[in-house]
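Colleague: give me coordinates for this.
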Amino acid sequence: MMDVKKLPLNVRIGQMIIAGFSSKYYDANIEELIRDEKIGNFILFADNIGNKDEIIKLTDNIQKSLERYIGIPGIISTDQEGGMVTRIHQGVTIFPSNMAFAAAKEEGSTFIQGKIEGEELRSLGINMNIAPVMDVNCNPENPVIGCRSYGDDAENVSKLGIDIIKGLKEKKVIAVAKHFPGHGDTSVDSHLSLPVVNHNIKRLQEVELLPFKNAINVGVDAIMSAHVLLPKVEPKKLPATLSYNVLTELLRNKMGFKGLIITDCMEMKAIADFYGSDNAAVKAIIAGADLICISHSKDVQKKCIAAIKKAVLGGEILEERINESVKKILKIKDKYNISCNLKQNSCSEKNRNFAERISSKSITVLKDHRKLIPLKGKVVSISPRAIALTGADDKIKVAASFCHKLNSICKGVEFQIPMNPDESLIDTIMGECPHADRVVIGCYNAHLNKNQIELVGRVNEINPNVVLVSLRNPYDILCFKEISTYINAYEYTELSIESTIKVLTGKIKAEGVSPVKL
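Modeller: Below is the predicted model of the structure:
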């Protein structure tokens, strides 16, 4: 491995940055980031993703430019979690959400998922998957994690997450366990504000920290920090990403993690609004972070790099602190052989069949007291369309709404509603419901959208033959105790729509088991 101390300071700082950009193609903007700012690593979002050939051309050009201007290959990452947080939709296998995998209860399934994702990502020139989510989702009001988690049981979250880490690693893709020290028991989206996890260290060790500790024990090479406050660990008002007590004392020293600590995006409001992205980048490095993620704005990226350099030259950040991180980064790059574009297998019918099987097995009928499944007679179908609900969702790729897909089979009446339908629309829908044999309502995080709750309640008053399908977080049932038939699908995707309709029409039997207590 090269002598880190001999690298120019701007190159060393650039190795500690993961940057995003706006284009699907290699352009002057990316070239400027590499040539002038010496940024050494990149993250891809939906806006960067074209077809398979375009992705390969983009990643190949990035690596060629890194070689030309820096001489060090780059980490090229994306968030290919599965479910609602899926960046790449063409040329790869589309997997169900983490919670759907947990509900399907198929032994070894996430290990297979990890191997498939690893092969497919490396074939596109992507060598880091910012997954799995290791948050234990034990708060029904959580607006950002939800079905991205494997559930509310820390041991089960550990097992499923560790298996996908092993699968990715086997195929030479760096897995990133996130969001340390746990974003599962929050009621605030850190993309929008600053959440607080107000548990003591004993509780944290038993729940939030356990999946990360278990992942460390099996050799996970990267962990992403969360922008959450832990008052019982960090008495100053500093989120985990900026806290020496959390990143170094807890994660490094007490939990024994030797790999890369990656920050969540420094442009998220939990950081940008409270601390300023550039000041926070300096604080994160002092706290112990190795890779600073700045996902969107070139101006912010430049300001962060300038702030880090100023802090080093002024003695606020020791050069040894920079060298320590760069050594880790280069070691991981060498370990995963990221200089080579591994031409491995891409999406196959076998892989697609596996994903479809898991999706089908995940659909969970929590109750069907009136025996309304399979559907019969006149069916009124109601649902919102799939839209992005959190900063993590990026762009949702669902061609048709659940109600439209169901109605194309049942040939009844359909209503595509907004997230919060108004009184006039509810009244119109009510006119179609009294004489229906079944009213199928697809709710989409209704526990956070109260007019959906009103709609369901009013329909149920005039027609008890309501089949309620939760198209995302499973906690909607807590608002609908009076509904006789309730299904959890754990995501609103093409895959889950097809699987749910198979259950509703009697083509398959629901086998899913809820991975959260309801």
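
Colleague: contact partners for Ile497?
Modeller: By Cβ atoms under 8 Å, 6 or more residues apart in numbering, Ile497 lies in contact with Val398, Phe402, Lys405, Ala489. Using the backbone N, CA and C atoms, a C-beta is placed for each residue, glycine as well.

Colleague: lowest-confidence entry in the residues you listed?
Modeller: Among these, Val398 carries the lowest pLDDT, at 81.

Colleague: could I get the full set of helices for the stretch 151-300 of the chain?
Modeller: With DSSP state H, counting those that start in this stretch as the criterion, the stretch 151-300 of the chain has helices at 154-170, 201-206, 210-217, 244, 269-272, 277-287, 298-313.

Colleague: tabulate the ones you listed (CSV), appending mean neighbour count.
Modeller: Putting the helices of the stretch 151-300 of the chain into CSV (neighbours: other Cβ atoms under 10 Å) gives the following:
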stretch, mean neighbour count
helix 154-170, 22
helix 201-206, 14
helix 210-217, 21
helix 244, 16
helix 269-272, 21
helix 277-287, 24
helix 298-313, 19
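
Colleague: of all the ones you listed, which one is nearest Ala46?
Modeller: helix 298-313 (18.6 Å; Cβ to Cβ).

Colleague: element containing Asn420, please.
Modeller: Assigned by DSSP states H and E, Asn420 falls within no helix or strand.

Colleague: for it, which non-adjacent residue is closest in space?
Modeller: Excluding the flanking residues, the one nearest Asn420 by Cβ to Cβ, 6 or more residues apart in numbering is Asn451, at 3.8 Å.

Colleague: ok, now Asn341?
Modeller: Excluding its sequence neighbours, the residue lying closest to Asn341 (Cβ to Cβ, 6+ apart) is Gly125, at 5.5 Å.

Colleague: tally of neighbours for that neighbour?
Modeller: Using other Cβ atoms under 10 Å, Gly125 has 20 other residues around it.

Colleague: residue ranges with poor pLDDT in the chain?
Modeller: 1, 187-193, 342-346, 394 (pLDDT under 70).

Colleague: ok so, going back, residue contacts, the residue nearest to Asn420?
Modeller: Contacts of Asn451 by Cβ under 8 Å, 6+ apart are Met419, Asn420, Pro421, Asp422, Ile426.

Colleague: just the buried residues of the residues you listed.
Modeller: The neighbour count (16 or more other Cβ atoms under 10 Å) marks Asn420, Pro421, Ile426 as buried among these.

Colleague: against which helices or strands is the helix or strand harbouring the last one packed?
Modeller: Ile426 is located in helix 423-432, with elements delineated by DSSP H and E. With contacts defined as 3 or more Cβ pairs under 8 Å, 6 or more residues apart in numbering; DSSP states H and E, the secondary structure elements packing on helix 423-432 are strand 379-384, strand 413-417, helix 450-462.

Colleague: okay if I get these as TSV plus distance to Leu194?
Modeller: Compiled in TSV, the helices and strands packed on helix 423-432 are given as follows (distance: least, Cβ to Cβ, whole Å):
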stretch	distance to Leu194
strand 379-384	29
strand 413-417	32
helix 450-462	25
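
Colleague: most packed of these?
Modeller: strand 379-384 (a mean of 26; mean count of other Cβ atoms under 10 Å).

Colleague: that strand versus helix 450-462: what angle between them?
Modeller: 160 degrees (axes from the mean of the first three to the mean of the last three Cα atoms, to 10 degrees).

Colleague: output strand 379-384 as CSV, restricted to C-alpha atoms.
Modeller: Extracted in CSV, the C-alpha atoms of strand 379-384 (Å, rounded to 0.1, in the frame of the first residue of the first chain):
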residue,chain,number,x,y,z
VAL,A,379,-65.3,-4.8,-5.7
VAL,A,380,-64.6,-1.1,-5.0
SER,A,381,-60.8,-0.5,-5.1
ILE,A,382,-59.3,2.6,-3.3
SER,A,383,-55.7,3.6,-2.8
PRO,A,384,-53.3,6.5,-3.1
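
Colleague: and that strand, which strands flank it?
Modeller: Looking at strand 379-384 with DSSP bridges, its partner strands are strand 413-417 (parallel), strand 438-443 (parallel).

Colleague: among those, which is nearest Asn341?
Modeller: Of these, nearest to Asn341 by Cβ to Cβ is strand 438-443, at 41.6 Å.

Colleague: how far out from the middle of the chain is the closest one?
Modeller: Its chain's C-alpha centre lies 27 Å from the corresponding centre of strand 438-443 when counted by Cα atoms, centre = their mean, to the nearest Å.

Colleague: try stretch 333-352
Modeller: Remark: stretch 333-352 is offset 21 Å from the chain centroid, using Cα atoms, centre = their mean.

Colleague: look up how far Ile94 lies from Ser348.
Modeller: The gap separating Ser348 from Ile94 is 13 Å, by Cβ to Cβ, to the nearest Å.

Colleague: higher neighbour count, these two?
Modeller: Ile94 (21 against 13).

Colleague: isn't the more buried one right up against Glu498?
Modeller: No - the criterion here is Cβ atoms under 8 Å, and Ile94 misses it with Glu498 at 11.2 Å.

Colleague: give me the phi and psi for the residue nearest to Asn341.
Modeller: Phi and psi for Gly125, reported as degrees, to the nearest 10, are phi 90, psi 10.

Colleague: contacting residues for it?
Modeller: By Cβ under 8 Å, 6+ apart, Gly125 lies in contact with Ile55, Ile56, Leu58, Thr59, Asp60, Ile62, Gln63, Ile76, Asn341.

Colleague: closest to Asn253 out of those residues?
Modeller: Out of these, the member with the shortest distance to Asn253 (by Cβ to Cβ) is Ile76, at 30.9 Å.

Colleague: bridged to the closest one, which residues?
Modeller: Assigned bridge partners for Ile76, using DSSP bridges, are Phe42.

Colleague: that one and Leu504, how far apart?
Modeller: For Ile76 relative to Leu504 (Cβ to Cβ), the value is 41 Å.

Colleague: gap between the closest residue to Asp135 other than its chain neighbours and Lys502?
Modeller: Distances taken as Cβ to Cβ, 6+ apart put Gly184 closest to Asp135, at 3.8 Å, once the chain neighbours are dropped. To Lys502, Gly184 is 30 Å away according to Cβ to Cβ.

Colleague: so for those two, which residue has more residues nearby?
Modeller: A direct count of neighbours by other Cβ under 10 Å for Gly184 and Lys502 places Gly184 higher, at 27 against 18.

Colleague: quick check: Tyr336 touching Glu170?
Modeller: No - the pair Tyr336 / Glu170 is not scored as a contact, 11.3 Å apart, by Cβ under 8 Å.
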